[in-house]
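Student: sequence and predicted model, in that order:
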Amino acid sequence: MVLVSICLVSTVSAIGLGPLKLDITVNKGKETELVEYIGVLNPEPNPIHVTASVTGPIAEFITVDPQEFDLPAGPGIGTGEPRPAQDVKVIFNIPRELPAERYTGEIVFTQRPVEGGVLGTAVQLGVKVNLNIGEIAKAEFPLYVTMMTIVLVIALIASIIVVNVRRFYG
Amino acid sequence: MDKMFYGIWIYSMLCLVLVFLYGYYTEMFESSFLNYNLSLWSALLANVILAIFSIISLKGPKILPILGLILTPISTYLFYASWTQLNYIYLAGFIIIPVILLTVATVMKFYKKEPRHEVAPRRTYPAEPYPATRETVKTRY
């Protein structure tokens, strides 16, 4: 479910964001790359320019793509027509050495005036991000690793049997 | 040959222990020493043992010791990379090395010609002279 927030500044400008909060939990000891998407839409009948930035301790693990984009004029609030939108890719690059802690931050979308547009002031709206690094997960071997471990055990036993049989029967 | 065989056997056992520790006590490899975590040092320990056995077995047949010396650094890297990158393909590579070494060592030991114990040749005595008879014996006076 996508939550859409409408930010209203005076009576002329608004952008929609969804979701408004990202909660990510990963296990420690694993280099993780995660991708989430945030939808940005423009319901207002004016074109807007949006820039995205990341604040807080989480900033070093997050990349936002695109960081700047334009949205054409929308149909206006209250109309049922589709509104121009842009999906912003949020890439989490979590290094494996990161201690098990909770990291917070915010992805801030700033709506700037566009030439020829009505908007005269910059508007900011943020998406809160919580990154929880948990404890190291117990390894779960795929079938091929389990099978190879069994082969190793068999090879160990077989080698001893073969060598002793050879010695016994000479 | 015997030293190398038992060296490979000990090494394979250590590899097996490392794989079980990886599976059931994953977090134990997290503690680090000299900027590298325990996964590197434990894999290195097992492989140093193999390298020592390889070096002291160089006097005999050279296939296994050389194979052991070549595979030692590869095995260490595979275990370390598997743990740090959580990639089980590397772990499979780490496990296959002792399997290969064990197979080669067992086959070589099975087909090795054991030195035969020298059996003293049966003594053959020259044919005895025709037994002397009263008639043939001439007594000289």
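Tutor: Cool, the structure landed. Everything quoted here is computed from the prediction, not taken from an experiment.
Student: counting by contacts, list what the strand ranked longest in chain A packs against.
Tutor: Ranked by residue count under DSSP state E, the longest strand found in chain A is strand A:123-136. Contact partners of strand A:123-136 among helices and strands, from 3 or more Cβ pairs under 8 Å, 6 or more residues apart in numbering or on different chains; DSSP states H and E: strand A:21-28, strand A:85-94, strand A:102-112. From N, CA and C alone the C-beta is placed, and that goes for glycine too.
Student: now with 10 Å?
Tutor: strand A:5-6, strand A:16-18, strand A:21-28, strand A:32-41, strand A:48-55, strand A:85-94, strand A:102-112 (3 or more Cβ pairs under 10 Å, 6 or more residues apart in numbering or on different chains; DSSP states H and E).
Student: show the subsequent helix or strand relative to the lowest-mean-pLDDT helix or strand in chain B.
Tutor: Averaged element by element with mean pLDDT, DSSP states H and E, chain B has its least confident helix or strand at strand B:32-33 (a mean of 78). Using DSSP states H and E, the next helix or strand after strand B:32-33 towards the C-terminus is strand B:36-37.
Student: each with direction, which strands does that next one pair with?
Tutor: Next to strand B:36-37 in the sheet, as set by DSSP bridges, lie strand B:32-33 (antiparallel).
Student: about what we covered before: buried set for the longest strand of chain A?
Tutor: By neighbour count on 16 or more other Cβ atoms under 10 Å in any protein chain shown, the buried set for strand A:123-136 is A:Val123, A:Leu125, A:Gly126, A:Val127, A:Val129, A:Leu131, A:Ile133, A:Ile136.
Student: which one among those gets closest to chain B?
Tutor: A:Ile136 (4.4 Å; Cβ to the nearest Cβ).
Student: who does that closest one form a beta bridge with?
Tutor: Under DSSP bridges, the beta-bridge partners of A:Ile136 are A:Lys28.
Student: what's it in contact with, if anything?
Tutor: A:Asn27, A:Lys28, A:Gly29, A:Lys30, A:Arg96, A:Ala100, B:Thr26, B:Glu27, B:Met28, B:Phe29, B:Glu30, B:Leu86 (Cβ atoms under 10 Å, 6 or more residues apart in numbering or on different chains).
Student: which parts of chain A sit against chain B?
Tutor: Taking Cβ under 10 Å from any Cβ of the partner chain as the measure of proximity, chain A contacts chain B at A:27-32, A:96-97, A:135-142, A:144-156, A:158-163, A:165-167, A:170.
Student: out of those, which sit inside strands?
Tutor: Among the residues of chain A next to chain B, the members found in strands (DSSP E) are A:Asn27, A:Lys28, A:Thr32, A:Glu135, A:Ile136.
Student: and which of the residues you listed is nearest chain B?
Tutor: The nearest member of these to chain B, counting by Cβ to the nearest Cβ, is A:Ile136 at 4.4 Å.
Student: give me the pLDDT value at that closest one.
Tutor: You'll see A:Ile136 listed with a pLDDT of 74.
Student: tell me how far A:Pro45 lies from A:Asp70.
Tutor: 15 Å (Cβ to Cβ, to the nearest Å).
Student: same thing with A:Leu98?
Tutor: Relative to A:Asp70, A:Leu98 is positioned 35 Å away (Cβ to Cβ).
Student: these two: who's more crowded?
Tutor: A:Leu98 (18 against 13; other Cβ atoms under 10 Å in any protein chain shown).
Student: list the residues that contact that one.
Tutor: Counted by Cβ under 10 Å, 6+ apart, A:Leu98 has contacts A:Val26, A:Lys28, A:Gly29, A:Lys30, A:Glu31, A:Thr32, A:Glu60, A:Phe61, A:Leu131, A:Ile133.
Student: buried only: go through these for me.
Tutor: Buried among the contacts of A:Leu98 by 16+ other Cβ under 10 Å: A:Val26, A:Lys28, A:Gly29, A:Lys30, A:Thr32, A:Phe61, A:Leu131, A:Ile133.
Student: good, we can wrap up now.
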